[in-house]
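> Sharing a sequence plus its predicted fold:
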2 protein chains.
Amino acid sequence: MHGAGVSGLLVTHPADVRYLSGFTGSSAALAVSRRAARLFTDGRYRTQAAEEVTAAKVEIVSGPPAVAAAQWLSAQPGIENAGFDPQWTTVAELARWKAGLASKLRRRFLVPLETSLVETLRLVKDEEELGIMREAALLGSKLFDHIVGFIRPGIREVDVAAELEHQARVLGAEGMSFETIVASGERSALPHGRATGARLPRRGFLTLDFGVILKGYCSDMTRTVYLGKPKRNERSAYEAVLEAQLAGVDAVGSGVSCGAVDEAARGVLRQAGLAEAFSHSTGHGVGLEIHEPPRIGAGQTNTLHPGMVVTIEPGVYLAGQFGIRIEDMVVVTRTGGEVLTPSPKALIEL
Amino acid sequence: MHGAGVSGLLVTHPADVRYLSGFTGSSAALAVSRRAARLFTDGRYRTQAAEEVTAAKVEIVSGPPAVAAAQWLSAQPGIENAGFDPQWTTVAELARWKAGLASKLRRRFLVPLETSLVETLRLVKDEEELGIMREAALLGSKLFDHIVGFIRPGIREVDVAAELEHQARVLGAEGMSFETIVASGERSALPHGRATGARLPRRGFLTLDFGVILKGYCSDMTRTVYLGKPKRNERSAYEAVLEAQLAGVDAVGSGVSCGAVDEAARGVLRQAGLAEAFSHSTGHGVGLEIHEPPRIGAGQTNTLHPGMVVTIEPGVYLAGQFGIRIEDMVVVTRTGGEVLTPSPKALIEL
């Protein structure tokens, strides 16, 4: 806070509130001064907040929690201004917060932070967080093992998603970290093909991209399997994606730029004549949210540090033909990167 | 747009983009002039956008879609300014959009709309939308029937959630419209008690609050059942909530204020000495999003119109003891309100 030139902090993004206070409800604001922190929420969360929040006082309010939090900050002695995260504050919210302040404070009291302070803290995971994420990634791999035994031609994509999500719950997941992607045959060429009523073909690729939530933390993995016997061009495309993925994983290391990791994977696909078919970034950070910084994309100059967890997920998508993506979670270590997703990556033919 | 004083419109909220264009991807911006509309998205969605969007030209861009959309609008003849929705635009996004414009346009070209134009269109559902929502509500009730046969003391809350969500998928849901709430025993006093590893008691309330997504539209329902034989005070609390819920449903009608509907339900609980225990609003609009306007809360002066779909969901929460909530979806008709949720509401004892 000192470095950012603010003496108070107004935190409203739910994942940030959870990270700092432990509160898991959806409607809350955390006010932080140099001496104290106070969590504002509404009556629905009275019991839950009392259970979950120990490091801050809890105050139940009837209006918007963030308005109350901004007012509280403005009334604390020694607080001249309060930083907020412009990435997680809407234009309308900011107007409401300002309207709740004394008129002389409206212009300058609330300061958009250039760097999100809490997001920066969240980038590097501590041992406890890594333990949970390791467990979440392992659960993902168990689900993949299970679903491989369930897949057969003729069943619907939604049946695969249902079975996977059911098993996730049974094995202790709090939920899925995003809408499960089950994309078969030509539909595998959709990078975000949600499960539909389409039936699995006798022959073709099947992409499974899914994740679970465990103690608030997300896992994320993708495997592409083949139903039947792949044609030569399909097999070579798979090999190219796998080689790109391994190159991406291999490039992960402390002090390495995100752009260099992206280029390691992208270069392999360019070499294979598939540069155009790889239409997204190589990966993203993951943690309390399924998409967090850093972005592993072309030209990204920010560097990786030990404790960051990122996905490495190159893919190729050929409209009307097929698509392939392979994704692991990787934690940055002092000496390189450690893959958290234990599932094998050689092409599985079913 | 004419009424709002804008000649262009920049739409970025995914549900609004979907409503206007049919595009279901997560990263897109729709630019609307009086003559044309253009959808901007990134390479991941090339195939999907071509499939889904017919009423607008699609343009694939490599940078942020909304920046490209704002630039496109600023280059159209006859467009002096473009409205955007400040509820769905972050302070950081607005800064990026402005930075992408010619410097003389930065101050005035982008105008925050006082009333969200698309949200206003979405408030009133047409026959096709109501048909889907009716189907979604019916699916919810089928799931409730199914899960009642599954519930027994000793199983975990998460097992109940898993079974319910699995069955939802099997019956054709695209997903759940929010994290399924399964709160048993004392945990039923948490209005938003997500399913945990807690085991269902031999005796006590069990609150189930869940919804499905069907063709993009959300359903939402809550029932509270009893395991074993309720005590007299538990039964009378249930009767009070049910009476409040029926009074709320009964108050729904064209031209009625949202505050009056809230008061109809709240008054019953006040009469029963449970005003304090009813710690949230009576309901909310529902449609492409699980929470939409209008809010059915105390003092809300906006009025209901035919075609609006709202939830009516009063509850009481007694920390350390129990909680009860009953929720239906109700569509406003010309002559009153029609309940879309066919499940019975008399207390079920299991």
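That came in fine, so what should we check first? The structure displayed is predicted, hence computed values, not measured ones. Numbers count the residues shown, from 1 in each chain, chains lettered A, B, ... in the order given.
> how far away is A:Ile181 from chain B?
The spacing between A:Ile181 and chain B, counted by CB to the nearest CB, to the nearest Å, is 12 Å. No exception for glycine: its C-beta is placed from N, CA and C like everyone else's.
> Tally up the residues packed near that residue, please.
22 (other CB atoms under 10 Å in any protein chain shown).
> now do A:Glu165
26.
> Next: the one 5 residues further on.
A:Val170 sits with 16 neighbouring residues when counted by other CB under 10 Å.
> The one 4 residues further on too?
Here the neighbour count serves as a burial measure; for A:Glu174 (other CB under 10 Å) it reads 22.
> Skipping its backbone neighbours, what lies nearest it in space?
A:Ile213 (4.5 Å; CB to CB, 6 or more residues apart in numbering or on different chains).
> hey, where'd the strands end up in the stretch 201-350 of chain A?
Using DSSP state E, counting those that start in this stretch, the strands assigned to the stretch 201-350 of chain A run over residues A:204-210, A:212-214, A:217-218, A:221-227, A:283-285, A:292-296, A:309-312, A:315-318, A:322-325, A:328-332, A:337-339.
> The last one pairs with which strands, and in what direction?
By that I understand strand A:337-339. Strands adjacent to strand A:337-339 in the sheet, as given by DSSP bridges, are strand A:328-332 (antiparallel).
> for A:Ala161, what are its contacts?
A:Thr180, A:Val182, A:Ala195, A:Phe210, B:Arg169 (CB atoms under 8 Å, 6 or more residues apart in numbering or on different chains).
> go on, A:Leu30?
Per CB under 8 Å, 6+ apart, neighbours of A:Leu30: A:9-12, A:16-17, A:20-21, A:23, A:37-40, A:56, A:69.
> Could you report the separation of it from A:Ser62?
18 Å (CB to CB, to the nearest Å).
> Please apply the same query to A:Pro14.
20 Å.
> okay, the two: which has more neighbours?
A:Pro14 (17 against 10).
> Please read off the pLDDT at the more buried one from the model.
Looking at A:Pro14, its pLDDT stands at 95.
> Could you double-check that it sits in contact with A:Ser26?
Yes. Checked against CB atoms under 8 Å, the pair A:Pro14 and A:Ser26 is within contact range at 5.9 Å.
> one step back: mind checking which of the contacts of A:Leu30 are in strands?
A:Leu9, A:Leu10, A:Val11, A:Ala37, A:Arg38, A:Leu39, A:Phe40 (DSSP state E).
> Am I right that the first one is in contact with A:Asn81?
Translated: A:Leu9. No. A:Leu9 lies out of contact with A:Asn81 (CB under 8 Å); the separation is 10.1 Å.
> Could you check which of those two is surrounded by more residues?
A:Leu9 (26 against 15).
> residue with max distance from the center of chain A?
The outermost residue of chain A relative to its centre, with distances by CA atoms, centre = their mean, is A:Lys104 at 39.7 Å.
> How many residues are close by A:Leu200?
By other CB under 10 Å, 20 other residues sit near A:Leu200.
> does any bit of the helix or strand A:Glu93 falls within sit next to chain B?
In this structure, A:Glu93 sits in helix A:91-99 according to DSSP states H and E. Yes. Helix A:91-99 comes into contact with chain B (CB under 8 Å from any CB of the partner chain), by way of A:Val91, A:Ala92, A:Leu94, A:Ala95.
> for the stretch 51-200 of chain A, what spans make up the helices?
Using DSSP state H, counting those that start in this stretch, the helices of the stretch 51-200 of chain A run over A:65-75, A:91-99, A:117-123, A:127-148, A:157-170.
> can you list the ones you listed in CSV and add mean pLDDT?
Shown next, in CSV, are the helices of the stretch 51-200 of chain A (pLDDT from 0 to 100):
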stretch, mean pLDDT
helix A:65-75, 97
helix A:91-99, 97
helix A:117-123, 94
helix A:127-148, 98
helix A:157-170, 92
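> of all the ones you listed, which lies closest to B:Ser279?
Closest approach to B:Ser279 among the helices of the stretch 51-200 of chain A (CB to CB): helix A:65-75, 14.0 Å.
> related to what we said a few turns ago, just checking, what packs against the helix holding A:Glu93?
With contacts defined as 3 or more CB pairs under 8 Å, 6 or more residues apart in numbering or on different chains; DSSP states H and E, the packing partners of helix A:91-99 are helix A:65-75, strand A:110-112, helix B:91-99.
> Please enumerate residues in contact with the longest one?
Spelled out, it's helix A:65-75. So helix A:65-75 is contacted by A:8, A:10, A:12, A:27-31, A:33, A:38, A:40-42, A:59, A:61, A:79, A:82, A:93, A:96-97, A:100-102, A:105, A:109-110 (CB under 8 Å, 6+ apart).
> Quick check: residues of the stretch 101-250 of chain A near chain B?
Going by CB under 8 Å from any CB, the residues of the stretch 101-250 of chain A near chain B are A:112, A:158-159, A:161-163, A:165-166, A:168-170, A:172, A:174-175, A:179, A:189-195, A:197.
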